[in-house]
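Student: I'd like to go over a predicted model; first the sequence, then the structure.
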Amino acid sequence: MEMEGWVSMPKVELHAHLNGSVRDSTLLELARVLGEKGVIVFSDVEHVILKNERSLAEVFRLFDLIHILTTDHKIITRITKEVIEDFASENVVYLELRTTPKKNDSIGMSKRSYLEAVLEGIKAVNTVDVAFRPHNADVSNVKSSSLINDTCNGSTRKEIYVRLLLSIDRRETTEAAMETVKLALQMRDLGVVGIDLSGNPIVGEWMTFFPALKFAREQGLYITLHCGEVPNPKEIRAMLDLLPQRIGHACCFEEEEWKRLKSLNIPVEICLTSNIRTNSVHSIEVHHFADLYNSKHPLVICTDDSGVFSTSLSKEYNLAASAFGLGRRELFQLAQNAIEYIFADDEVKRELKEIFNSAEKKLDQ
Ligand SMILES: CNc1ncnc2c1ncn2[C@@H]1O[C@H](COP(=O)(O)O)[C@@H](O)[C@H]1O
Ligand SMILES: [Zn+2]
């Protein structure tokens, strides 16, 4: 199938990091400005941004650079807007965007003000209608316009549901992780639905994050964890014992861990290009997608970092189709199944099902 077919198919994106999804053109523009100010050397940075093959260690060095370029409330707002518009433009109808709230005293940034800048970005989207507040945030509403930034109207306009996950970075302390969870709880009415644990997988100890994750779970926030991106059987076991509602990657699992994961039936966010580029999986031919798919384990195809890995959700669907011999129907089914694994309420699930049902009728035309 042509790329256009994957672009036009409705899709659900559940694993996308805000700062990993920034357009190259925006990063280059930001780098040029900082270069002119003498903060960085543009030519060094340009080379890093445009480089395609990256090891896991290099990816995390790139994130440090991206964070220098995007350290500013206004820029956070801008990239949030652009990232949502980019996903919407390829027919992602439901997006769970994750980002690490950052504290930076030198520019008066707190985790809360960082998150407020993200929320500003959601409101600033104008190429598509964004439904971003939980339905139960407004008791009087069925689907009132207060939930949608109806800056534009017209019947042909698309709509995208956006929910936020707050990430805990593996470099953080227990206290910092706890602050993120508390912020998520305060911002629940504004579309924050859950917590993610991410960051360089060789950094940090599980017991550092565990108290905050346990608290989050007890408070009813949804949990997804980057799990098994590198071999670490002890940590993988502890992570599964927390019973997260989803996990990301699951690349370096052993027999025992597969058994446990499958018996718990925890959905896996699959990021093919990311796993191959960072060498968490040696080649697409041996990717665990095939085994999970064949054993009908719940899974969802995601991008991880569409900017950093020069990909898109449509490209990931195309890759899955060609690598594993799947057709349009099978991938449509996968996208549709993902509705069950989202962290939004039943009302959103119902509306997504309608979107997929009406798209299904056109599938064979
Ligand atoms: C490639 N595999 C990965 N493994 C683990 N963590 C990753 C990641 N890709 C991205 N992140 C996490 O997301 C942050 C960037 O987005 P935000 O600043 O939060 O918006 C990275 O700094 C890292 O903590
Ligand atoms: Zn990730």
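Tutor: Structure's in. What do you need? No experiment lies behind these values; they were computed from the predicted model shown. Ligands and ions are numbered 1, 2, ... in the order given.

Student: what about P231, how many neighbours?
Tutor: 13 (other Cβ atoms under 10 Å). In short, each C-beta sits where N, CA and C put it, glycine included.

Student: List the residues that contact it.
Tutor: C252 (Cβ atoms under 8 Å, 6 or more residues apart in numbering).

Student: change it to 10 Å
Tutor: Contact analysis of P231 by Cβ atoms under 10 Å, 6 or more residues apart in numbering lists 201, 251-254, 280.

Student: Out of these, which comes closest to ligand 1?
Tutor: Closest approach between those and ligand 1, by Cβ to the nearest ligand atom: P201, at 6.1 Å.

Student: any idea how far R61 is from the closest one?
Tutor: According to Cβ to Cβ, to the nearest Å, P201 and R61 sit 15 Å apart.

Student: Between these two, which has more neighbouring residues?
Tutor: Using other Cβ under 10 Å as the criterion, P201 and R61 rank with P201 on top: 23 against 13.

Student: Do you know the pLDDT at the more buried one?
Tutor: What the model reports for P201 is a pLDDT of 97.

Student: got the phi/psi numbers for the nearest residue to G248 once chain neighbours are set aside?
Tutor: In space, G248 comes closest to E269 once its chain neighbours are excluded; the distance is 4.3 Å by Cβ to Cβ, 6 or more residues apart in numbering. Main-chain dihedrals, E269, degrees, to the nearest 10: phi -80, psi 120.

Student: quick one: the strands in the stretch 201-350 of the chain?
Tutor: 222-227, 246-249, 268-270, 299-301 (DSSP state E, counting those that start in this stretch).

Student: and of these, who's closest to E285?
Tutor: Nearest to E285, of all the strands of the stretch 201-350 of the chain, is strand 268-270, at 15.0 Å by Cβ to Cβ.

Student: which bits of the stretch 1-150 of the chain sit near ligand 1?
Tutor: Contacts of the stretch 1-150 of the chain with ligand 1, taken as Cβ under 6 Å from any ligand atom, map to 17-20, 59, 63, 99-100.

Student: As CSV, those residues with pLDDT would be great.
Tutor: Formatted as CSV, these follow (pLDDT from 0 to 100):
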residue, pLDDT
H17, 98
L18, 98
N19, 98
G20, 97
V59, 92
F63, 95
T99, 98
T100, 98
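
Student: Narrow those residues to those in helices?
Tutor: 59, 63 (DSSP state H).

Student: Quick check: closest non-adjacent residue to H288.
Tutor: H288 sits nearest to A250 (Cβ to Cβ, 6+ apart), 6.5 Å away.

Student: Surely the one you found touches L264?
Tutor: No: using Cβ atoms under 10 Å, A250 makes no contact with L264, being 11.8 Å away.

Student: got any residues that touch both of these two?
Tutor: Shared contacts of A250 and L264, counting by Cβ under 10 Å, 6+ apart, come down to L240.

Student: what stretches of the stretch 251-365 of the chain score poorly on pLDDT?
Tutor: Across the stretch 251-365 of the chain, the ranges flagged by pLDDT under 70 are 365.

Student: tell me which parts of it are close to ligand 1?
Tutor: 274, 278, 304-305.
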